[in-house]
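>>> Turn this into a model:
(one chain, ligands or ions: 3)
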Amino acid sequence: MERMKICVLKGDGIGPEIVDQALKVLKAVCDASGIKLELDFALLGGIAIDQTGEPLPQQTIDKCKASDAVLLGAVGGEKWDHLPARPEKGLLGIRSALGLYANLRPAKIFPALKTASPLKDSVIGEGVDILVVRELTGGIYFGEHNRKTENGMEIGYDVMQYSTAEVERIAKTAFELARKRNHKVTSVDKANVLEVSRLWRETVIRVHEEYRDVELNHMYVDNASMQLVRNPAQFDVIVTGNMFGDILSDEASMISGSIGMLASASLGVGSLGLYEPIHGSAPDIAGKGIANPLATVLSVAMMLRYTFSLEKEADAIEKAVELSLNHARTPDIKSEDLPVYCTEQMGDFLAKTVRELLA
Ligand SMILES: NC(=O)C1=CN([C@@H]2O[C@H](COP(=O)(O)OP(=O)(O)OC[C@H]3O[C@@H](n4cnc5c(N)ncnc54)[C@H](O)[C@@H]3O)[C@@H](O)[C@H]2O)C=CC1
Ligand SMILES: CC(C)CC(=O)C(=O)O
Ligand SMILES: [Mg+2]
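Ligands and ions are numbered 1, 2, ... in the order given. The predicted model follows:
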């Protein structure tokens, strides 16, 4: 590989702080591997509203489409919550515009972080390594959101729907990924109540016919959220809809010690992938230099692996993250016997370590 072109969407809140650290690491990889790194920056979310009046300017879509991959921080903040054009609409919009229907969110426990997990050793057992495969461009987040008045009463409603085609493609993604892992898929729905979930379940069962080598089980989402903390080691791949996947992956992140640890890859119809941490813009800690950049850095590792097939380089980033956990910590995962690093120091350490590992 000679060159890579990345479109960078820093977004709001801690977005710029964490993306800057991830870019240091990406530059270190490219320097060490002789790859020419071309960066293009575009606006998304609140900052885009401030500068253009809309959360997803057409220019941002164009710049993403003209790149090999997209790196995103996070969007949102109270400042824009009262506006009809909220930052989150920009986020949903870019996922949809790029056809990114599969959101892969790996939740695993790094050995050094076992003590940071709120779960007891007896629950963690040999370790936890879950891949949440979340449908990302359909479901309730993309249905009609509206209000109406009935009998003088104001009613808010959001429509949840899935077509068989949408379920088929995400189920296929989950089964394919399970084949490269431990051959087990848990499909999470609420089929005891929701018609959309009944269709979801029937469709997953049908797709499973082509993947008999993969074990399939079904779980209602309320039970799944309980099982995640009772016995997380039972899960390999979890496939679920947009909203359930959003919620379950935040819950799964705490198993690994902090939401600041969970990376994600959003993949879809074309070769373009978007990579982002699973957390939001964390306005409560923005500008304080204490945000954990590891989720964003690990998202760069996913980018190198999924978009560029650069296994050695992705491994080096993951190794650097592992080494960092025995060297220093950001406050969210702090440990009494290790120094506390600010966001920047962590980025510098990771970039230096990646350089050394790839030298
Ligand atoms: N992908 C995205 O851009 C997302 C955006 N949001 C938006 O972000 C804003 C804040 O939402 P919240 O519900 O507070 O969720 P959040 O994920 O931003 O924060 C939840 C809690 O986790 C902490 N946290 C998050 N990331 C962290 C990190 N890297 N290091 C250390 N601590 C971290 C925060 O300080 C906060 O206490 C809202 O406007 C929301 O809509 C929320 C989720 C995803
Ligand atoms: C706008 C929301 C759907 C963002 C979010 O919470 C997520 O994608 O994890
Ligand atoms: Mg979320």
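>>> List the contacts of the residue of the stretch 51-200 of the chain found nearest ligand 2.
Proximity of the stretch 51-200 of the chain to ligand 2 (CB to the nearest ligand atom) peaks at Glu88, 3.7 Å away. To be clear about C-beta, it is placed using only N, CA and C from the backbone, and glycine gets the same treatment. In this structure, Glu88 makes contact with 45, 55, 75-76, judged by CB atoms under 8 Å, 6 or more residues apart in numbering.
>>> what helix or strand is it on?
Per DSSP states H and E: Glu88 is located in helix 87-97.
>>> Which is the succeeding secondary structure element to that helix?
Once the chain leaves helix 87-97, the next helix or strand it forms, by DSSP H and E, is strand 102-108.
>>> After that next one, which helix or strand is next?
helix 121-124.
>>> Format the CA atom coordinates belonging to that following helix as PDB.
What follows is helix 121-124, C-alpha atoms only, in PDB (Å, rounded to 0.1, in the frame of the first residue of the first chain):
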ATOM      1  CA  ASP A 121     -13.300 -12.600  38.700                       C
ATOM      2  CA  SER A 122     -15.700 -15.500  39.100                       C
ATOM      3  CA  VAL A 123     -18.000 -13.900  36.500                       C
ATOM      4  CA  ILE A 124     -15.300 -12.900  34.100                       C
END
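>>> Check which residues of it are buried.
Residues of helix 121-124 classed as buried by neighbour count (16 or more other CB atoms under 10 Å): Ile124.
>>> what does stretch 95-115 give?
If you call a residue buried by 16+ other CB under 10 Å, then stretch 95-115 has these buried ones: 95-98, 100-110, 112-113.
>>> Mind checking if it is in reach of ligand 1?
No: judged by CB under 6 Å from any ligand atom, stretch 95-115 makes no contact with ligand 1; its nearest approach is 9.7 Å.
>>> Dump that stretch to CSV, restricted to CA.
Below are the C-alpha coordinates for stretch 95-115, written out as CSV (Å, rounded to 0.1, in the frame of the first residue of the first chain):
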residue,chain,number,x,y,z
ARG,A,95,-24.3,6.4,8.3
SER,A,96,-27.3,6.2,5.9
ALA,A,97,-25.7,8.3,3.1
LEU,A,98,-22.7,5.9,3.1
GLY,A,99,-24.9,2.8,3.3
LEU,A,100,-23.2,1.6,6.5
TYR,A,101,-25.7,-0.9,7.8
ALA,A,102,-23.4,-3.1,9.9
ASN,A,103,-21.9,-1.6,13.1
LEU,A,104,-19.3,-4.0,14.6
ARG,A,105,-18.6,-3.3,18.3
PRO,A,106,-16.1,-5.6,19.9
ALA,A,107,-16.2,-5.8,23.7
LYS,A,108,-13.4,-7.6,25.3
ILE,A,109,-11.4,-7.5,28.6
PHE,A,110,-7.8,-6.6,28.3
PRO,A,111,-6.0,-8.8,30.9
ALA,A,112,-4.5,-5.6,32.6
LEU,A,113,-8.0,-4.2,33.0
LYS,A,114,-9.6,-7.1,34.8
THR,A,115,-9.5,-5.2,38.0
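>>> could you give the mean pLDDT of that stretch?
Stretch 95-115 shows a mean pLDDT of 95.
>>> touching ligand 2 at all, that stretch?
No: no part of stretch 95-115 sits near ligand 2 under the criterion CB under 6 Å from any ligand atom; the closest distance found is 7.2 Å.
>>> Name all residues that make contact with the closest residue in space to Tyr211 that isn't next to it in sequence.
Spatial nearest neighbour of Tyr211, chain neighbours left out: Phe175 (4.0 Å); criterion: CB to CB, 6 or more residues apart in numbering. Phe175 is in contact with 185, 207-208, 210-211, 214, counting by CB under 8 Å, 6+ apart.
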